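**Student:** My questions are about this predicted structure, shown below with the sequence.
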Amino acid sequence: MGRGNKRAQTTLQEDLFFLCHRRFGDQCVAEYRGAVPGRRFRIDIAFPAEHLAIEFDGWAYHGRFKEDFQRDRERQNLLTLNGWRILRFTAQDYHRNALGILDLIAQSLSGSNTLAGSNLPTGNNASPASNT
């Protein structure tokens, strides 16, 4: 299991799921299991019909310890081999541009292969708190 402050990561992950659910409805599932037969891991936010996985990476679980970092790489490779596309975001991405994250997800769901720079979750764009 992961180490560190799970509460901080979970809160932002829950917030991102709320925004996803508000925009995409029941297409998205939190803590999705069963993406890879015979494996027990969960996808933070999944769009099962589209095989799109959204991973919210917190430092406490995704790089602080070598074995966690290695396990995440193996997990991502298994998901990819089983037909999943993975988008990864950090707390910094969320705070800087949560709406940009939603735009990237929408772009991925639409099948668009063109990335517009304005959709990237970087820069000092509005956070969801200022748009509620």
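**Tutor:** All right, it came through fine.
**Student:** Show me which positions of the one helix or strand in the chain whose mean pLDDT sits lowest end up buried.
**Tutor:** When each helix and strand of the chain is scored by mean pLDDT, DSSP states H and E, helix 6-24 comes last, with a mean of 83. Of the residues in helix 6-24, those with enough neighbours to count as buried (16 or more other C-beta atoms under 10 Å) are 9, 12-13, 16-17, 19-20, 24. Every residue, glycine included, has its C-beta placed from N, CA and C.
**Student:** So what touches it?
**Tutor:** The contact list for helix 6-24 (C-beta atoms under 8 Å, 6 or more residues apart in numbering) reads 28, 30, 44-45, 47, 54, 56, 58, 60-61, 89, 91, 94, 98, 101-102, 105-106, 109, 128.
**Student:** In helices, which of these appear?
**Tutor:** Using DSSP state H, the members of these that fall in helices are 91, 94, 98, 101-102, 105-106, 109.
**Student:** Show me how to select, in ChimeraX, the buried members of the residues you listed.
**Tutor:** Of the ones in helices among the contacts of helix 6-24, the buried ones can be selected in ChimeraX as follows, counting by 16+ other C-beta under 10 Å:
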select :91,94,98,101,102,105,109
